[in-house]
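Engineer: here you go, sequence then predicted model.
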Amino acid sequence: MSRKTAREVAMKLAFARLLGGEDTYENVLEESGINEKPTEDDVAYSDNVLKGIEEHSEEIDQNIERFSIDWRKDRMPKVDFCILRIAVWEMLYCDDIPQKVSINEAVELAKQFGGEHSPSFVNGVLGALAKTQG
């Protein structure tokens, strides 16, 4: 399985948790029709994302609101918000993932799961954050 697929599963799990659900990695794979067998690294990545978002949600959410001009997090589409949470977590806390990769993968998720304007919105928020990160 690829990091890209593991990121998709993490986004779906984050989305379920945001809505008060407690989905499992296996359920998400089954419901998504993903037939690839996850590696231990895939599951560990998703677990790290979810734990990281929980531990740093205040800072992550502040950054999302700071760079999503005129949008409060409670008014954003939930899918976009979950995609942003994952990408911001990667950009702030994962030195082994280049920021460009985090941004690109988030935009791809937004194209696949978001609305018509989601890719440009996600790209704009993350691009603005990246400019402050040096």
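Structural biologist: On my side now, so go ahead.
Engineer: residues contacting Ser57?
Structural biologist: The contact partners of Ser57, by CB atoms under 8 Å, 6 or more residues apart in numbering, come to Arg85. C-betas here are computed from N, CA, C, even on glycine.
Engineer: kindly apply the preceding question to Asn35 instead.
Structural biologist: No contacts exist for Asn35 under CB under 8 Å, 6+ apart.
Engineer: report the separation between it and Asp23.
Structural biologist: 18 Å (CB to CB, to the nearest Å).
Engineer: same deal with Asp42?
Structural biologist: Applying CB to CB, the value for Asp42 to Asp23 is 16 Å.
Engineer: and the most centrally placed residue in the chain, how far from Pro38?
Structural biologist: Residue closest to the average C-alpha location in the chain (CA atoms, centre = their mean): Ile86, at 2.7 Å. The gap separating Ile86 from Pro38 is 17 Å, by CB to CB.
Engineer: cool, and Glu90?
Structural biologist: Glu90 is 19 Å from Pro38, by CB to CB.
Engineer: of the two, which one has the most company?
Structural biologist: Glu90 (25 against 18; other CB atoms under 10 Å).
Engineer: can you give me phi and psi for that one?
Structural biologist: Backbone torsions for Glu90, taken as degrees, to the nearest 10, come to phi -60, psi -40.
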